[in-house]
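*Asks:* Any chance you can model this:
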Amino acid sequence: MKLYFVFLFLFFACDNKLERAGRSVSDYVDNEIIGNPIVIEISDLEKISMKIQSDTLYKYNSGNTVMFGGVYADLFDDSGKKSSEMHSDTATIYNNSDSVRANGNIIVKSIRGYTLYTSEIILYNDTKLVYSNKDVIFTSDRNDTLYGNGFWSNYDMSNFKILKPMGIINN
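*Replies:* This is a model prediction of the structure:
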């Protein structure tokens, strides 16, 4: 009889409680976390600045974090309201500055109707600026299409500058 209780005790003691409770992160491999989705929030003075999500996160030994697999980010203005959203293939979060470098097929859409297409951008958390030194295509809320090499803007893209511009403006 005592052996039966010992067996039951060992059975329940070895039970994996994480599997019974369900988990938000589905797999751990060294410094890699896979989930559906993995979410990182970056704040500035108690207000959310960026909310980034992806399928996979990899933390390097140098302290930077790489997210890949369906990267999506909400960008917020100084008052905490969503001003834009970003889609990319990968995003590197620099933990010492909370700035983000996004790479791949990047689309940034503002709530004001502006859209940026490029292959690489940097999102600066402290100044809430978007920067690219790559070729860009920028469309306005009036269907103007501008092309250039290099881009600066605030998060909602209401104040932008295209470096080396060329394009068509519809009147």
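*Asks:* What score does residue 55 have for pLDDT?
*Replies:* In this model, residue 55 is scored at 86, pLDDT.
*Asks:* close enough to count as contact, it and residue 72?
*Replies:* No - Residue 55 is beyond contact range of residue 72, at 10.1 Å (criterion: CB atoms under 8 Å). No exception for glycine: its C-beta is placed from N, CA and C like everyone else's.
*Asks:* anything in contact with each of the two?
*Replies:* By CB atoms under 8 Å, 6 or more residues apart in numbering, residue 55 and residue 72 have these common neighbours: residue 37.
*Asks:* any chance you could map the helices in the protein?
*Replies:* 2-13, 17-21 (DSSP state H).
*Asks:* how about the strands in the chain?
*Replies:* 25-29, 32-44, 47-59, 65-76, 82-94, 99-110, 115-124, 129-139, 145-154, 160-162, 166-168 (DSSP state E).
*Asks:* Which of the ones you listed has the lowest mean pLDDT?
*Replies:* For these, mean pLDDT drops lowest on strand 25-29, to a mean of 40.
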